[in-house]
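Chemist: Dropping the sequence and predicted coords here.
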Amino acid sequence: MSYVPFVFISAKTGQRINKLYELIKYTYGQNSMRISTGMLNDVLAYATTRVQPPSDKGRRLKIYYMTQPSTKPPTFVTFVNRADLFHFSYRRYIENQIRSTFGLEGTPVRFIVRERGGNDK
């Protein structure tokens, strides 16, 4: 859990208790952050051009778009052509790109991968 900030406090002297409450307010703001679909897709386009999506047996993962349906914790739905090609390491890469762009310190991030219906398979 490298995304979690921490503060060393003293129960005996009460040292740095004020910093703890400031950090709680900050992480609550990060937890309730709403990111627009356009901004998410800009980050997604940058990330996919930097590191190509994985492929398996000649089939390449296509990520169509990403949206954020809810907060607390921030949840992102990613629409792809095949969910089985969306490997956990590439999901972690996308998560790290989102975290580096928008912050999201001290809060878990949920990803939901959905296959887009139709003849795209």
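Modeler: Received the coordinates, thanks.
Chemist: Do a quick rundown of the strands in this structure.
Modeler: 55-56, 59-60, 63-70, 75-80, 110-115 (DSSP state E).
Chemist: what's the fourth one in contact with?
Modeler: The reference is to strand 75-80. 40, 61-69, 86, 94, 98, 109-116 (CB atoms under 8 Å, 6 or more residues apart in numbering). (Each C-beta comes from the backbone N, C-alpha and C, glycine too.)
Chemist: and that strand, which residues are buried?
Modeler: In terms of neighbour count (16 or more other CB atoms under 10 Å), strand 75-80 has its buried residues at 76-80.
Chemist: now swap in the third one and tell me
Modeler: By neighbour count, with 16+ other CB under 10 Å as the criterion, the buried positions of strand 63-70 are 63, 66-68.
Chemist: so which of these comes closest to residue 21?
Modeler: Within the buried residues of strand 63-70, the smallest distance to residue 21 is 27.4 Å, found for residue 68 (CB to CB).
Chemist: pLDDT value on the residue lying closest to residue 116 once chain neighbours are set aside, please?
Modeler: Counting by CB to CB, 6 or more residues apart in numbering, the nearest residue to residue 116 once its immediate chain neighbours are dropped is residue 79, at 4.8 Å. On the pLDDT scale, residue 79 is placed at 93.
Chemist: What of residue 69?
Modeler: Here, the pLDDT recorded for residue 69 equals 92.
Chemist: Can you tell me how far it is from residue 36?
Modeler: Using CB to CB, to the nearest Å, residue 69 is found at 12 Å from residue 36.
Chemist: show me where the chain has helices.
Modeler: Assigned by DSSP state H, the chain shows helices spanning 17-31, 37-50, 88-102.
Chemist: Can you report how many residues neighbour residue 105?
Modeler: Per other CB atoms under 10 Å, the neighbour tally for residue 105 reads 15.
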